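> Coordinates only, no sequence provided:
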């Protein structure tokens, strides 16, 4: 519609038409994209909304010694319990994502942070279940 309007008004000067026209279409397109970006990232950080990226992780899976971690939701930050002594693997990460993993205190806790464009999006924490480790006593609250 804008192209049609501009084409028919191209042959008149703005003062002859007695109207005030918007800038050329390339200027208005640029301003629209700029405003669209500003509203998309209106948290003041100047960074993309990390939550908007989480949906890209829907196919990611976490396994503990080859078995899926029960209740794992890759789109949300959270903590999951795994049997003691198991190794956690994160698979099917999208290529344009970065995954950092590290062991933390207390012993038996592993934390993975998934980032996109340098922005941390989700953090997955996996804690060993001491009740499944024969070398550690069970939590007294669990035996009641």
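Yes, it's here. Computed from a predicted structure; not experimentally measured. Numbering: from 1, shown residues only.

> strand partners of the strand or helix carrying residue 121, parallel vs antiparallel please.
Per DSSP states H and E: residue 121 is located in strand 119-129. Here strand 119-129 has these sheet partners by DSSP bridges: strand 78-83 (parallel), strand 109-116 (antiparallel).

> How about residues contacting it?
Strand 119-129 has contacts (C-beta atoms under 8 Å, 6 or more residues apart in numbering) with 47-48, 50-51, 53-54, 57, 62, 64, 69, 72, 74-86, 88, 90, 107-115. For every residue, glycine as well, the C-beta is placed using N, CA and C.

> ok, of the residues you listed, which come out buried?
48, 50, 53-54, 57, 62, 64, 69, 72, 74-75, 80-82, 84, 86, 88, 90, 108, 110, 112-115 (16 or more other C-beta atoms under 10 Å).

> do you know how far the closest residue to residue 71 other than its chain neighbours is from residue 117?
Once flanking residues are discounted, residue 71 sits nearest to residue 80: 6.3 Å by C-beta to C-beta, 6 or more residues apart in numbering. Residue 80 sits 26 Å away from residue 117, going by C-beta to C-beta, to the nearest Å.

> Residue 85 too?
36 Å.

> ok, now residue 109?
In terms of C-beta to C-beta, residue 109 sits 27 Å off from residue 117.

> Report the contact partners of the nearest residue to residue 104 once chain neighbours are set aside.
The shortest distance from residue 104 to any non-neighbouring residue, by C-beta to C-beta, 6+ apart, is to residue 111 (5.4 Å). For residue 111, the contact set (C-beta under 8 Å, 6+ apart) comprises 101, 102, 103, 104, 123, 124, 125, 126.

> 10 Å instead?
Under the criterion of C-beta atoms under 10 Å, 6 or more residues apart in numbering, the contact list for residue 111 reads 79, 100, 101, 102, 103, 104, 123, 124, 125, 126, 127.

> For the fifth one, which non-adjacent residue is closest in space?
Taking C-beta to C-beta, 6+ apart, and ignoring the residues beside it in sequence, residue 103 has residue 110 as its nearest neighbour in space, at 5.6 Å.

> So what sits opposite that neighbour in the bridge?
residue 103, residue 126.

> That one contacts residue 99, doesn't it?
No: checked against C-beta atoms under 10 Å, the pair residue 110 and residue 99 is beyond contact range at 12.0 Å.

> I appreciate the help and will end here.
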